[in-house]
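**Q** 3D model of this:
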Amino acid sequence: MRVLLKSILIFTFQMAFGQSGFVNSPMVIGSGGETWTQNDYNLSFTVGQIAIETYSQNQIILTQGFHQESYQITKLNNLNTNFNISVFPNPTSDYITIDYNIENARADLFIKDIRGAIIYYSLDFLTNKRQTLDISKFSPGIYVLEIILNSKNKIVYQIQKLN
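**A** Model prediction:
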């Protein structure tokens, strides 16, 4: 009788104070993210998910996936993209030659690895002459060559370094 009374009491307590309609699974498991719980809502998220769906009501906004800031583009400038720059040979194992064919422009040059780390740079030089870069000591792989002309126009090339 005592066991039956305990069971009825526990069942009644759970029904009175338990969360109805609350699903505890599936849970998100990831290396970065967080879980947010408020009232009957439980929200789990990880870093790096793609935004798929958004639900908003009054001041509450729920977005499934990765959150990004909202940007409003107000003006696009017509940029001169007619640059006569030659990068050769590509692929290469030793040297990269850059012919600018742009008179009296100032430039900055960066070579980045696949992770975006700068492994070579040359700043504030004139584009009046051909430039040869020794990349023989770089590991074989893909690199990004960025040339910034007159502090405003960026030209990007992909370079493949062979053995």
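**Q** what about this protein, any weak spots by pLDDT?
**A** Applying pLDDT under 70 to the predicted model, the residue ranges of the chain that meet it are 1-34, 42-55, 61-73, 76, 78-82.
**Q** Show me where it has its helices.
**A** Counting by DSSP state H, one finds helices in the chain at the ranges 2-17.
**Q** Would you map the strands across it?
**A** For the chain, the strands identified by DSSP state E occupy 33-38, 41-46, 53-57, 60-64, 86-88, 95-99, 106-112, 118-126, 131-134, 141-149, 153-161, in order along the chain.
**Q** Of those, which is nearest N77?
**A** When the strands of the chain are ranked by distance to N77, counting by C-beta to C-beta, first place goes to strand 153-161 at 10.5 Å. Every C-beta, even on glycine, is put in place using the N, C-alpha and C of the backbone.
**Q** got JSON lines for the strands of the chain, with mean neighbour count and distance to N77 too?
**A** Output for the strands of the chain, formatted as JSON lines (neighbours: other C-beta atoms under 10 Å; distance: least, C-beta to C-beta, whole Å):
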{"stretch": "strand 33-38", "mean neighbour count": "10", "distance to N77": "38"}
{"stretch": "strand 41-46", "mean neighbour count": "14", "distance to N77": "37"}
{"stretch": "strand 53-57", "mean neighbour count": "9", "distance to N77": "31"}
{"stretch": "strand 60-64", "mean neighbour count": "12", "distance to N77": "32"}
{"stretch": "strand 86-88", "mean neighbour count": "13", "distance to N77": "25"}
{"stretch": "strand 95-99", "mean neighbour count": "16", "distance to N77": "26"}
{"stretch": "strand 106-112", "mean neighbour count": "17", "distance to N77": "19"}
{"stretch": "strand 118-126", "mean neighbour count": "12", "distance to N77": "23"}
{"stretch": "strand 131-134", "mean neighbour count": "14", "distance to N77": "28"}
{"stretch": "strand 141-149", "mean neighbour count": "17", "distance to N77": "15"}
{"stretch": "strand 153-161", "mean neighbour count": "14", "distance to N77": "11"}
